[in-house]
Structure formats: C-alpha cells, structure tokens
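Q: Provided below are the primary sequence and the corresponding predicted coordinates.
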Amino acid sequence: MLKSHSCGELRKEHVGREVTLAGWVDRRRDHGGLIFIDLRDREGVVQVAFNPEVSKSCHRVANKMRSEYVVRVSGEVALRPPGTENPKLPTGYVEVIARDAEILNASKTPPFYINEDVEIEENLRLRYRYLDLRRPRMKDNLILRHQLVKFIRDFLDARGFIEIETPILIKSTPEGARDYLVPSRVHAGKFYALPQSPQQLKQLLMVAGIEKYYQIARCFRDEDTRADRQPEFTQLDLEMSFVDEDDIINMFEELFIALVPAIKPEMRIIQPFPRLSYTEVMNRFGSDKPDLRFSLEIKDLSDVVAQSSFSIFSSAIAGGGKVKGICVPGGATYTRRQLEELTSLAQGFGAKGLVTVTLGESAGGSLKDLTLEMIRSAAAKFLTLDEIKAMAERLEAKMGDLLLVIAGEPKLVNTVLGELRRTIGSQLKLADPNLLAFAYVQNFPLFRWDKEIGRWDSEHHPFTRPWDEDIPLIDTSPEKVRGRHYDLVCNGYEIGGGSLRIYTPELQRKIFRILGYRDEEIDERFGHMLEAFEYGAPPHGGIALGIDRIVMLLAGAETIREVIAFPKTQSAVDLTFNAPSPVSEEQLSELHIRLREE
Ligand code: ASP
C-alpha cells in the first residue's frame with residue numbers, strides 16, 4: 001500500500017517509528033515557519049508537523065497543501081511537546097515529524113465544511129454525497145450499518161440459515177405500493193416488475209425444501225412522497241418452514257439482545273420484549289407502532305362522564321363513541337397559545353375538538369383540594385367538579401398536570417390521542433435517547449376496508465394465514481378475521497413485520513377473491529404460487545426487518561437518508577447522478593416505447 005499505518009491508529013507506543021501516511025488534509029495551520037497539517041483517513045486524524053529545519057523541500061510542499069488535498073507523508077512519530085497535547089483526539093499525544101511529503105492530488109474548495117459537524121442544506125449534501133460521506137459522522141453510520149449486517153449474517157449462519165439471492169427483474173409482488181416497471185426489449189409490450197419484497201420467492205424457496213432462508217434484500221416500492229420513505233430500501237428478509245409465530249419472534253428477540261451490546265454498547269434495551277395485541281396498543285397508545293419509552297397512556301373516561309350534562313361527551317357515548325384522554329405531566333403551565341396549537345393538531349388529525357383541563361397552577365397540593373377556580377378549561381362550565389376529579393383520577397393526574405380529552409368515534413379518538421401522545425412525548429423529551437423499547441404487536445385484523453376503492457385490502461399482504469378458527473368468518477364478517485401476523489416495533493417505528501403463511505391453494509384463492517381479484521386475474525398474476533402449493537408446500541412463515549430504519553435508530557439519526565450511502569430525495573431523485581433522467585429516442589424505440597404528450 002502507499003501507506004504503512006493509518007492516521008487514526010498512531011499512539012504513544014508508535015513514538016520513534018518511521019511511518020508513511022496517506023490521506024486528506026483536514027486542516028492546515030501555518031504558524032510562520034512551522035506548518036501543521038491534520039491528516040485524515042478512514043480511521044481518524046493525526047497531526048503532522050512540517051519544520052523547515054527538518055526538511056526545507058518538505059516544508060515547501062506543505063505550503064501548497066490545502067483542505068481536502070490528497071497527500072502522502074513520511075516521517076517519525078514523536079510525542080507532542082508538553083502542553084500541546086489534545087486529549088480529545090485519540091492520536092492527540094503524538095505527531096508525525098514530516099521528512100518527506102508529496103501531493104497526490106489537489107482538491108477544489110469543497111462546497112461545505114468536511115471537518116466540522118455543522119448543519120448543511122441536505123440537497124447540497126446529496127449533490128456532493130461523496131464529500132458528505134467523508135464527514136466522520138456519516139462514515140461512522142456506514143460502518144455501523146456494515147457491523148449490523150455482518151452481525152446478522154453471522155447470527156443466522158450459526159443457526160443454519162442459507163443466504164439466497166432472488167431476482168430483481170420479476171413480476172409484481174404486492175406489498176401495498178405501486179410497482180416499478182422495467183420494459184422488455186426482447187418481448188415488445190411486456191414488462192418486468194421490481195419486487196416490492198422477495199415475498200413470493202422466499203415462499204417458493206420453502207416449497208423447494210430450503211427450510212431456513214434469509215437475504216439482505218433490496219426492495220422497490222413506488223409510493224407517493226412520504227416523510228421517511230425511499231423508493232428502494234434494504235430489508236433482512238427471512239423465511240422458515242415448520243414453525244409457529246414464537247419460533248420466529250423469539251429468535252429475533254435473541255438477535256437484538258445479542259446485537260445491541262455488541263455494536264452499540266451505550267444503548268440499553270428493555271427485555272423481555274412485550275407482546276401486545278393490536279387492540280391493546282390501539283387502546284392504550286393510539287398507534288400500532290407505539291413509542292414505549294414513556295407511558296403517557298390513553299385511558300377510557302366514557303363510564304366516568306356518560307351521564308355528564310356536557311353534551312359533547314354524553315352524546316358521543318350515546319352514539320356508540322368513546323371519551324378518552326391522556327394526562328400531560330406538569331402541563332398546567334401550558335400557555336393559551338400552546339393549548340390552541342394542541343387543539344388544531346387534534347383537529348388536523350380529524351377530531352372535532354379537544355377538551356383541555358389544567359389542574360391548578362403548578363405541582364403540589366392534593367387533588368382533593370381542587371376547586372373549579374383552580375381549573376382552566378373552556379369546558380369547566382359544563383362539567384361538575386366531581387366529573388373533573390374523576391377524570392383526573394382515572395388519568396392518574398396530579399396537581400399541575402393537564403388533561404387532554406377527546407370524544408367521538410372510538411378508532412378516531414385513539415388515533416388522535418396517539419398523535420397527541422407522540423407530539424407531547426417529543427416536546428417534553430419524555431423518551432430516553434439511549435433506550436431501545438422493542439415490542440411485538442400481534443393479532444392484527446387480516447383485512448382492512450379500503451374506502452377509496454370500496455373493497456377489502458390486506459392489512460399485511462395477501463399471503464398471511466388467518467387464524468384457523470376465524471376462517472369461517474371470511475365470508476360472513478371479514479372485519480373480524482385475525483391474521484397470524486406480527487410486527488416488531490421500536491421507539492415509535494415499525495421496524496419489521498411478518499406472518500405465518502397460507503400454504504394451501506384453496507385458502508389462498510379464497511383470500512384473493514375476497515380482495516376483489518377475478519379468477520382469471522388470480523391465475524394470471526399468482527398462478528405460479530397456487531400451482532406450487534399443489535406440490536407439497538410445507539407450513540411456513542417469516543419476517544422482514546427494515547435495515548435502514550434499525551441503523552437509523554442505533555445511530556440516533558433523524559432520517560433513514562443518514563444511513564444510506566446514496567439515498568434519493570423525498571421526491572425520489574438522486575441528486576449526484578441526476579436520476580431519473582430522459583433517455584435517447586433510440587433507447588425508447590428499442591424498448592417499443594413512445595412517450596405520450598401530457
Ligand atoms: N414481505 C413482507 C414485507 O416486506 C415481510 C414478510 O411478511 O416476511 O413487509
């Protein structure tokens with residue numbers, strides 16, 4: 001190699017050694033006579049001193065060096081003079097006294113600082129991603145990602161899993177998004193679809209007798225711009241034969257309990273992972289991916305206020321609705337403006353209104369002594385003191401707290417309170433950033449009613465097996481059928497999901513019919529699956545974990561773009577390559593494509 005050591009590895013024990021380093025100029029300081037260069041490579045930064053008394057020619061070369069120049073330096077490792085050490089830097093007790101130096105390549109002035117962790121406009125970072133990735137934080141994210149994937153591979157290898165690649169050019173494998181299509185040159189007018197996941201392929205591998213498969217798989221989903229999605233993303237995709245839910249979810253619990261201390265020792269993990277039903281998480285947290293690092297639980301107040309003369313409450317309950325609330329600790333100090341903001345947030349999520357009740361001015365004192373004068377609430381004139389106290393008690397509130405109460409259709413009440421819970425959790429910084437609170441959510445409904453197209457859709461995907469005892473309900477009350485589906489959630493994100501699968505052609509066809517497919521369509525799109533199930537398909541199930549999201553959580557990053565080497569923008573554009581881009585008329589004609597004037 002062009003170097004004998006890496007910059008970041010030099011320590012006191014290297015003092016006296018002759019080394020050759022190569023890397024980038026992180027910083028250059030000219031102390032009139034002495035020039036110091038902080039030289040950076042992947043492993044870190046070390047100081048190099050250029051003294052004209054040691055080598056005039058070398059000092060002359062250093063004079064020409066600028067930020068981000070690529071240079072090679074040889075010299076002796078020495079202790080830094082007393083008083084000039086930098087204990088913040090792992091190499092901070094030593095420096096290299098340069099005897100020889102060479103500029104390998106020059107650099108234009110970069111469009112942003114690489115040696116300072118400052119806020120930079122994201123599009124500029126994406127346009128010059130190769131420079132952005134030079135920044136230590138980004139480099140560390142890529143290393144963390146590598147360590148995670150390596151850990152997973154070793155873990156699964158030790159348990160008898162085989163990594164198998166599946167095709168990218170294939171047919172639609174629906175996961176609820178639009179497909180990316182690739183036109184065929186050889187077969188005019190026909191298209192491949194990029195897989196939304198390897199779902200059908202991994203199931204066919206089970207029919208093939210592989211028994212334990214996994215893949216670090218790229219998936220493609222053409223979704224409308226949503227906050228933190230990427231058109232292509234990576235998942236750990238896994239499938240096993242002859243298993244029940246517990247075999248799969250226990251193994252993943254074990255994986256994370258081993259993985260986190262190994263690659264992110266500063267983070268704590270709550271174990272065992274709670275297993276909650278979909279109904280329970282919706283009722284308690286208003287979300288199917290709750291952040292369990294803090295409580296702020298939703299409580300049902302319907303029985304407490306059913307007889308209230310406050311008609312918003314009593315009429316909601318009489319109409320089959322619910323009244324529920326959460327308690328914001330110390331929230332009595334919220335200003336009127338803050339309360340209005342919470343109300344418009346609730347309205348934005350579909351609630352008719354939000355009842356806010358502050359209990360006293362500040363903490364201290366007993367709720368027993370609460371009087372109507374101590375309460376700030378537009379609803380106070382309609383509610384009795386006893387009703388307010390009963391609500392406060394149910395919500396385990398103390399003096400100085402704030403009650404947020406919503407009345408209406410049960411599902412809506414839960415989801416709006418869930419959003420308020422999430423907002424307040426982050427406003428009050430209730431979640432410990434070094435804690436990972438995993439949980440499994442189970443017993444999802446198999447179907448959800450798609451209002452827009454007026455038909456049933458799969459809550460997960462069409463291959464999920466329903467509970468045996470719910471199969472008779474498929475024709476009579478599809479909404480009551482539960483799927484053998486499990487999601488793994490962590491800190492408010494869904495990081496994985498999977499299910500036991502259908503493995504008989506009859507049941508699979510029945511599900512497709514409920515989803516509105518005609519028989520010819522089923523045969524055209526999924527005939528290969530139904531046929532495979534006629535050749536001794538074993539019972540099987542699997543899971544997929546979002547690698548990008550897990551690395552994001554471990555890295556403490558804000559978006560998955562921070563942990564993907566070359567992500568696309570929120571509008572699905574690659575700014576370095578400027579993709580997508582137009583293609584030549586010749587290419588289009590080879591693909592039998594004529595563009596339409598829009
Ligand atoms: N195919 C599913 C997904 O990509 C995961 C699974 O069911 O294994 O979300």
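A: Here it is on my side, so go on.

Q: run through the residues that contact the closest residue to Lys352 other than its chain neighbours.
A: With sequence-adjacent residues excluded and distances taken as Cβ to Cβ, 6 or more residues apart in numbering, Lys352 is closest to Gly408, at 6.2 Å. Where C-beta positions appear, they are placed from N, C-alpha and C, glycine not excepted. Each residue near Gly408 by Cβ atoms under 8 Å, 6 or more residues apart in numbering is listed here: Ala316, Gly321, Lys322, Ala351, Lys352.

Q: same check on Ala557?
A: Ala557 neighbours (Cβ under 8 Å, 6+ apart): Asn141, Val551, Val563.

Q: what distance do you get for whichever residue of the stretch 51-200 of the chain sits closest to the ligand to Arg509?
A: Taking Cβ to the nearest ligand atom, the ligand has its nearest neighbour within the stretch 51-200 of the chain at Ser197, 3.2 Å off. Applying Cβ to Cβ, to the nearest Å, the value for Ser197 to Arg509 is 21 Å.

Q: ok, these two, which is more surrounded?
A: The neighbour comparison of Ser197 against Arg509 (other Cβ atoms under 10 Å) goes to Ser197, with 22 against 19.

Q: thinking again about what came up before, in which helix or strand would I find the residue of the stretch 51-200 of the chain closest to the ligand?
A: Using DSSP states H and E, Ser197 sits in no helix or strand.

Q: Gln215 is in contact with that one, correct?
A: No. With contact defined as Cβ atoms under 8 Å, Ser197 does not reach Gln215; the gap is 10.2 Å.

Q: residues from the stretch 51-200 of the chain in reach of the ligand?
A: Contact residues (Cβ under 6 Å from any ligand atom) of the stretch 51-200 of the chain with the ligand: Glu175, Ser197, Gln199.

Q: tell me which of these is nearest to Met267?
A: Set against Met267, the nearest of these by Cβ to Cβ is Ser197 (27.9 Å).

Q: for that closest one, grab phi and psi.
A: phi -170, psi 160 (degrees, to the nearest 10).

Q: sorry, back to before: among the residues of the stretch 51-200 of the chain next to the ligand, which one has the lowest pLDDT?
A: Least confident entry in those, by pLDDT: Glu175, with 88.

Q: what does the stretch 401-550 of the chain put close to the ligand?
A: So the stretch 401-550 of the chain meets the ligand at His461, Gly497, Gly498, Ser499, Gly542, Ile543, Ala544 (Cβ under 6 Å from any ligand atom).

Q: what's the burial count for Ala49?
A: With other Cβ under 10 Å as criterion, Ala49 counts 21.

Q: go ahead and confirm it touches Ala98.
A: Yes. Using Cβ under 8 Å, Ala49 makes contact with Ala98 at a distance of 6.6 Å.

Q: burial count for Ala579?
A: Counted by other Cβ under 10 Å, the residues lying close to Ala579 total 10.

Q: contacting residues for the residue lying closest to Pro567 once chain neighbours are set aside?
A: Of all residues not flanking Pro567 in the chain, Arg561 sits nearest, at 4.1 Å (Cβ to Cβ, 6+ apart). Taking Cβ under 8 Å, 6+ apart, we find Arg561 in contact with Glu122, Leu126, Asp228, Gln230, Pro567.

Q: now Arg561. Its backbone dihedrals?
A: With angles defined as degrees, to the nearest 10, Arg561 sits at phi -60, psi -20.

Q: now Asp523: which helix or strand?
A: Per DSSP H and E, Asp523 falls inside helix 519-532.

Q: pull out the buried residues from that helix.
A: Ile522, Phe526, Met529, Leu530, Ala532 (16 or more other Cβ atoms under 10 Å).

Q: most widely separated two among the residues you listed?
A: Counting by Cβ to Cβ, the most remote pair of those is Ile522 and Ala532, 13.9 Å apart.

Q: what residues are up against the nearest residue to Glu531 once chain neighbours are set aside?
A: Spatial nearest neighbour of Glu531, excluding adjacent residues (Cβ to Cβ, 6+ apart): Pro505 at 7.7 Å. Neighbouring residues of Pro505 by Cβ under 8 Å, 6+ apart: Leu530, Glu531, Phe533, Glu534.

Q: a markdown table please, covering those residues and showing pLDDT.
A: Listed next are the contacts of Pro505 as a markdown table, based on pLDDT from 0 to 100:
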| residue | pLDDT |
| --- | --- |
| Leu530 | 98 |
| Glu531 | 98 |
| Phe533 | 98 |
| Glu534 | 98 |
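
Q: could you dump those into TSV with distance to Glu340 added?
A: Below are the contacts of Pro505 laid out as TSV (distance: Cβ to Cβ, whole Å):
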residue	distance to Glu340
Leu530	56
Glu531	60
Phe533	57
Glu534	62
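
Q: closest one of the residues you listed to the ligand?
A: For these, the nearest to the ligand is Phe533 (16.6 Å; Cβ to the nearest ligand atom).

Q: isn't the closest one right next to Phe526, touching?
A: No. If you go by Cβ under 8 Å, Phe533 and Phe526 don't touch, sitting 10.1 Å apart.

Q: who touches both of those two?
A: Taking Cβ under 8 Å, 6+ apart as the contact rule, Phe533 and Phe526 both touch Gln508.

Q: what lies in contact with stretch 289-296?
A: Residues contacting stretch 289-296 (Cβ under 8 Å, 6+ apart): 270, 274, 281, 284-285, 326-328, 418, 421-422, 424-425, 430-432, 435, 437, 439, 441, 487, 489, 491-494.

Q: just the ones of these in strands?
A: Ile326, Cys327, Val328, Leu435, Ala439, Val441, Asp487, Val489, Tyr493, Glu494 (DSSP state E).

Q: now these: which count as buried?
A: For the ones in strands among the contacts of stretch 289-296, buried by 16+ other Cβ under 10 Å: Ile326, Cys327, Val328, Ala439, Val441, Asp487, Val489, Tyr493.

Q: any idea how far Gln307 is from Ile388?
A: 14 Å.

Q: who has more neighbours, the two?
A: A count of neighbours by other Cβ under 10 Å puts Ile388 above the other of Gln307 and Ile388, at 24 against 10.

Q: any idea which helix or strand carries the more buried one?
A: helix 385-394.

Q: next SSE after that helix?
A: strand 402-408.

Q: run the angle between that following strand and helix 385-394 for me.
A: 100 degrees (axes from the mean of the first three to the mean of the last three Cα atoms, to 10 degrees).
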